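Asker: Got a sequence here, can you model it:
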Amino acid sequence: MSKFKKAYVIFSLVITAMIGCYALFMSSTTVHATEYSAEYGADNEDYGATENAPNASDEVVGGGGFTLSFDGEDGNFTATLRMLLVLTIITLSPSILIMLTSFTRCVIVLHFVRAAIGTNTAPPNQILIGLALFLTLFIMSPVLTQIKTEAIDPFDAGEITQDEAIDNAIAPVREFMYGQTQTKDLDLFCDIAGISYEVDDYDSVPFTIVVPAFILSELRTAFIIGFLIYVPFIVIDMVVASVLMSMGMMMLPPTTISLPFKILLFILVDGWNLVIGGLVKTFY
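Answerer: Residues are numbered from 1 along each chain as shown. Modelled structure (predicted):
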């Protein structure tokens, strides 16, 4: 898993460097085209001085030949800056996936299941993380569909501005997080930040407060589910240990005998169906 993370980071850095070089190349090309138009456009109309002249609404940021321009008065970024913005979101996508979705609860509960059974490497971490990832996609699919319908598609069609698209994209995520966040966790961070809010007006709470409150609630819920999963397997361990002690087999580890019984119990009750089904239903 560490090799995959290193490869992902290296790939992100390479893509970032390529996009940066492309942005610098496009900026230098724009500067040269502007100088060429200013030098030759006044004497010959065929050079298109009017078309190549800088727009009055364009904004120039910084020096050294790097320019950031806007498409028009609506303030939308150019294609180059949109690529940089998308690349930044892709780079931060692991943090967004872990902290703003159901991934945290899913992966913690699955690890509790493996620890309760006592199989240290079965299923392996790759299987648990992959299962948690696809469960997250299943749980978050209504939110992703709403973001695409209300934010991405209207923005691509030019019906809304960038600010409206960002607000429309954040709204479904906030609604999902509010549904899973406990009031006492939200009150805790609001008290720390010195912010008061009405119970029926969650939109007034800053997003920077909602995120840690949501994470805290997810951790609490995941550990509660993990405790409930542990209880039947602990009973089996206690029964096996008592039987071995009564038989005088104190040198034999109880886990060696209890492991097959725990696996058998998990199979007989269709444990994966119960655990995953119950885990997904906690979000609905």
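
Asker: Kindly state the pLDDT recorded for residue 150?
Answerer: Residue 150 is assigned a pLDDT of 86 by the prediction.

Asker: what does residue 60 give?
Answerer: At residue 60, the pLDDT value in this model is 43.

Asker: quick one, helices of the protein?
Answerer: Secondary structure of the chain (DSSP state H): helices at 2-40, 49-52, 79-91, 93-99, 103-117, 125-147, 153-156, 162-180, 183-193, 207-246, 254-268, 271-281.

Asker: most packed of those helices?
Answerer: Burial of the helices of the chain is given as mean neighbour count (mean count of other CB atoms under 10 Å); helix 103-117 ranks first at a mean of 21. The C-beta positions use only the backbone N, C-alpha and C, and glycine is treated the same way.

Asker: where does this structure have its least confident helix or strand?
Answerer: When the helices and strands of the chain are scored by mean pLDDT, DSSP states H and E, helix 49-52 comes last with a mean of 44.

Asker: list the contacts for residue 207?
Answerer: By CB atoms under 8 Å, 6 or more residues apart in numbering, the residues touching residue 207 are 170, 174.

Asker: quick one: it and residue 268, what's the gap?
Answerer: Residue 207 sits 46 Å away from residue 268, going by CB to CB, to the nearest Å.

Asker: before we move on, what about residue 247?
Answerer: 25 Å.

Asker: what does the domain assignment say about this structure?
Answerer: By the assignment in automatic domain parsing, the chain contains the domains 2-90, 92-281.

Asker: ok, of these, where does mean pLDDT dip lowest?
Answerer: Among the domains of the chain, domain 2-90 scores lowest, at a mean of 53.

Asker: can you count the residues close to residue 158?
Answerer: Neighbour count for residue 158, taken as other CB atoms under 10 Å: 9.

Asker: and the residue nearest to residue 257 when sequence neighbours are not counted, what is it in contact with?
Answerer: Leaving out its chain neighbours, the residue that sits closest to residue 257 by CB to CB, 6 or more residues apart in numbering is residue 240, at 5.1 Å. Applying CB under 8 Å, 6+ apart, we find residue 240 in contact with 254, 257, 258, 261.

Asker: Check residue 271 too.
Answerer: With CB under 8 Å, 6+ apart, residue 271 has these contacts: 113, 265.

Asker: again, only using 10 Å
Answerer: Contact partners of residue 271, counting by CB atoms under 10 Å, 6 or more residues apart in numbering, are 113, 116, 117, 229, 232, 262, 263, 265.

Asker: can you check residue 228 too?
Answerer: For residue 228, the contact set (CB under 10 Å, 6+ apart) comprises 109, 112, 116, 278.

Asker: isn't the second one right next to residue 231, touching?
Answerer: I take that to be residue 112. No: using CB atoms under 10 Å, residue 112 makes no contact with residue 231, being 11.4 Å away.

Asker: Could you report the distance from the residue nearest to residue 196 when sequence neighbours are not counted to residue 205?
Answerer: Leaving aside its sequence neighbours, residue 196 sits nearest to residue 190 (CB to CB, 6+ apart; 6.9 Å). Separation of residue 190 from residue 205 (CB to CB) stands at 7 Å.

Asker: do you know how far the residue nearest to residue 257 is from residue 254?
Answerer: Look at residue 240 and residue 254: by CB to CB, they are 5 Å apart.

Asker: for residue 284, same thing?
Answerer: Distance from residue 284 to residue 254, by CB to CB: 39 Å.

Asker: Check residue 272 too.
Answerer: As defined by CB to CB, residue 272 lies at a distance of 25 Å from residue 254.

Asker: One more: residue 165?
Answerer: According to CB to CB, residue 165 stands 59 Å off from residue 254.

Asker: What of residue 106?
Answerer: Distance, residue 106 to residue 254, by CB to CB: 30 Å.

Asker: Now for the closest residue to residue 176 other than its chain neighbours: which residues touch it?
Answerer: Closest residue to residue 176 apart from its sequence neighbours, by CB to CB, 6+ apart: residue 143 at 5.2 Å. Counting by CB under 10 Å, 6+ apart, residue 143 makes contact with 100, 101, 102, 169, 171, 172, 173, 175, 176, 177.
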